[in-house]
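>>> Sequence and predicted structure are below.
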Amino acid sequence: MNENTVFLLSNGVEIPSTGFGTWQIPDGEIAFNAVSYALQCGYRHIDTARNYGNEQSVGRAIKDSGVTRSDIFVTSKLPAEVKTYKETLESFDTSLSSLGLSYIDLYLIHAPWPWNRQGYDYRKENIEVWKAMEEIYKSGRCRAIGVSNFEISDLVAILDNCNIKPMVNQIRYFIGNTQNGLVNFCRQNNILVEGYSPLATGAILANKKVAAIAEKYNTTLPQLCIRYVMKKGVIPLPKSTNPVHIKQNTDVNFEIVASDMEYLNSLTGTVKGLRLSKIKSWIKKRLIYLKSYIGK
Ligand code: A2P
């Protein structure tokens with residue numbers, strides 16, 4: 001692990017600079033074993049969500065690990081479909097009891113829209129949800145609150161209407177998909193950025209340009225991808241169920257020289273089809289926002 005370094009959130013809470021992601025890791029023994037082994041390998045930051053369906057096994061692994069609870073940073077997320085004040089409070093309680101914990105370190109709104117309504121305008125609903133997030137934070141049952149998959153316009157709606165600013169935005173982040181405008185906006189507003197899918201959910205593993213740089217450092221491609229995200233000041237959340245990979249992904253304490261960082265920054269087509277899918281989703285979102293303004 002990288003000297004177990006930490007970042008400070010805007011409220012002064014420390015967050016380990018890398019975390020173990022658990023998206024798509026099935027509940028039961030697979031999630032339990034993966035999280036248990038990640039903790040054995042030195043991870044002290046575990047990222048889950050109610051939508052992942054594995055909170056129970058993640059919680060059990062944390063409990064059985066023998067690691068002091070306060071030494072582990074645990075994140076969970078409000079299901080993307082929940083967009084009311086009352087349901088937000090209820091959903092948080094459900095997560096807490098599924099995890100079997102008395103508090104969560106970081107609680108995030110999983111997405112600005114329900115998964116089957118991606119790109120639609122839920123800014124009004126998110127402001128209501130955020131009021132409940134603030135209540136949960138003030139109750140002391142979570143140490144920090146934030147959002148995930150939020151774009152600038154979604155963040156502005158919260159920032160303009162909140163008493164407590166989001167402390168984190170967790171976004172999809174990997175070489176070739178660095179969302180610089182969004183990341184800069186987050187930094188200007190003291191919102192720490194976490195990056196899920198630092199390996200593009202595996203799609204980057206076949207990229208020859210990235211592989212060539214990894215070879216230069218005598219590391220594997222996944223290690224280079226994780227280190228790159230760290231060098232960008234973003235918290236990588238790699239996931240794996242393979243013990244060899246879990247261990248390997250903690251061994252990322254090497255430097256990437258500035259010229260190679262520049263080169264990696266310049267890579268765009270790291271994942272086939274990404275550019276086209278980004279353009280399509282950009283057009284779709286703009287059309288939806290336009291329609292919602294015309295309708296007002
Ligand atoms: P596996 O579970 O077999 O390790 P991401 O973190 O971007 O979502 O990527 C996760 C994907 O990358 C999973 O398919 C995972 O498979 C794979 N992966 C994670 N770490 C490594 C590694 N060190 N080497 C090869 N594949 C990896």
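The structure has been received and is ready for your questions.

>>> isn't V129 right next to S91, touching?
No: judged on CB atoms under 8 Å, V129 makes no contact with S91 at a distance of 9.8 Å. C-beta: built from backbone N, CA, C; applies to glycine.

>>> list residues touching both of those two?
With contacts taken as CB atoms under 8 Å, 6 or more residues apart in numbering, V129 and S91 have L78, V82 as neighbours in common.

>>> what sits against M167?
M167 makes contact with L9, S10, N11, V13, L106, A144, I145, G146, N190, I191, L192, according to CB under 8 Å, 6+ apart.

>>> For the chain, which residues are neighbours of the ligand?
For the chain, the contact set with the ligand under CB under 6 Å from any ligand atom comprises 21, 197-202, 205, 220, 222, 238-242, 245, 248-249.

>>> which among those residues end up buried?
21, 197-201, 220, 222, 238-241, 248-249 (16 or more other CB atoms under 10 Å).

>>> Is it possible to get CSV of the residues you listed that adds distance to E87, pLDDT and secondary structure?
Compiled in CSV, those are given as follows (distance: CB to CB, whole Å; pLDDT from 0 to 100; DSSP: H, G, I helix; E, B strand; the rest coil):
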residue, distance to E87, pLDDT, secondary structure
G21, 25, 98, strand
S197, 27, 97, coil
P198, 31, 98, coil
L199, 33, 98, coil
A200, 32, 97, helix
T201, 29, 96, helix
T220, 43, 98, coil
P222, 37, 98, helix
P238, 31, 98, coil
K239, 27, 97, coil
S240, 33, 97, coil
T241, 31, 98, coil
Q248, 40, 98, helix
N249, 35, 98, coil
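
>>> Closest to L78 out of those?
Distance to L78 across these (CB to CB) is lowest for G21, with 17.3 Å.

>>> Which strand residues bridge the closest one?
Under DSSP bridges, the beta-bridge partners of G21 are D47.

>>> Please verify my assumption that it contacts H45.
No: because the distance of 9.8 Å does not satisfy CB under 8 Å, G21 is recorded as not touching H45.

>>> Show me whatever sits in contact with both of those two.
With CB under 8 Å, 6+ apart as the test, G21 and H45 reach no residue in common.

>>> follow-up on the earlier one: farthest pair within the contacts of M167?
Farthest pair in these (CB to CB) is L106 and N190. Separation: 15.1 Å.

>>> more neighbours, the two?
A count of neighbours by other CB atoms under 10 Å puts L106 above the other of L106 and N190, at 25 against 12.

>>> any idea of the mean pLDDT in the helix or strand where V35 lies?
Remark: V35 resides in helix 29-40, with elements defined by DSSP states H and E. Here the mean pLDDT over helix 29-40 is 98, rounded to a whole number.

>>> circling back to that earlier point, now a ChimeraX select for only the buried ones of the contacts of M167.
Applied in ChimeraX, the following selects the buried portion of the contacts of M167 according to 16+ other CB under 10 Å:
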select :9,10,106,144,145,146,191,192
